[in-house]
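Enquirer: Any chance you could fold what I've pasted below:
(chains A and B)
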Amino acid sequence: GNSVTQMEGPVTLSEEAFLTINCTYTATGYPSLFWYVQYPGEGLQLLLKATKADDKGSNKGFEATYRKETTSFHLEKGSVQVSDSAVYFCALMDSNYQLIWGAGTKLIIKP
Amino acid sequence: GAGVSQSPRYKVAKRGQDVALRCDPISGHVSLFWYQQALGQGPEFLTYFQNEAQLDKSGLPSDRFFAERPEGSVSTLKIQRTQQEDSAVYLCASSLVSIKASEQYFGPGTRLTVT
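Expert: Have a look, this model is predicted:
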């Protein structure tokens, strides 16, 4: 069945460091891929998405590229800020419009 | 505009009690989803409505779980005879349409604790 695996957290970085959060997936067909973010005390929000191979999603300085050959959708940001501290979830949408989620990665940015 | 709202935000139930969790989606959103999120885990799909029709309930863990959306707007997730393993955050999401990659907008969730 479809599944998403993302790197375990917490990930702790200093401000202005480079961020990578790994995400790989298993799916039949051509799913859409998403990154959602959950800031402390808030609900899940869509961060970015990609719908087909080689698409790059981007938002708020974050980027992720849909790599079909490696079944990956790694999240990157060149220079993180304290305000980026949150839990990040990678997800895929299957043919039934269900979102299949990774376990989440907690990101902690220290000033 | 108003987002997805859920009530109550927190619910404590004694084992064996019935609970009802409410979701108010964004006005005009056709699709509505319920997810269950255990502590430290990603959400897991429970059920999906398109308007008032429940098109997929494959994620409901047992026949104690029941969801409805009778007028195609507000939805209620009911859990009968709650068990401790039902303790989780229940998330509701809505989307404008059901197409590939349509964004789902999430409510704040209801945290259910069964004692």
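Enquirer: Name the nearest residue to B:Arg64, sequence neighbours excluded.
Expert: B:Gln80 (4.6 Å; C-beta to C-beta, 6 or more residues apart in numbering or on different chains). Glycine gets a C-beta too; all of them are placed from N, C-alpha and C.
Enquirer: In terms of pLDDT, where does that neighbour sit?
Expert: Note for B:Gln80: predicted pLDDT of 98.
Enquirer: Roughly how far does it sit from A:Leu44?
Expert: Using C-beta to C-beta, to the nearest Å, one gets 27 Å for the distance from B:Gln80 to A:Leu44.
Enquirer: And for A:Asn22?
Expert: From A:Asn22 to A:Leu44 the distance is 20 Å (C-beta to C-beta).
Enquirer: now swap in B:Tyr90 and tell me
Expert: 13 Å.
Enquirer: quick one: which of those two has more around it?
Expert: When neighbours are counted by other C-beta atoms under 10 Å in any protein chain shown, A:Leu44 comes out ahead of the other of B:Tyr90 and A:Leu44, with 27 against 23.
Enquirer: Could I get the contacting residues of that one?
Expert: A:Tyr36, A:Val37, A:Gln38, A:Phe89, B:Pro43, B:Leu91, B:Ala93, B:Phe106 (C-beta atoms under 8 Å, 6 or more residues apart in numbering or on different chains).
Enquirer: contacting residues for the second one?
Expert: Contacts here follow C-beta under 8 Å, 6+ apart; on that basis A:Val37 touches A:Leu44, A:Gln45, A:Leu47, A:Ala86, A:Val87, A:Tyr88, A:Phe89.
Enquirer: Any of those buried? List them.
Expert: Among the contacts of A:Val37, those buried by neighbour count (16 or more other C-beta atoms under 10 Å in any protein chain shown) are A:Leu44, A:Leu47, A:Ala86, A:Val87, A:Tyr88, A:Phe89.
Enquirer: ok, which residues in chain A are in contact with chain B?
Expert: A:4, A:32, A:34, A:36, A:42-46, A:49, A:51, A:89, A:91, A:93, A:96-104 (C-beta under 8 Å from any C-beta of the partner chain).
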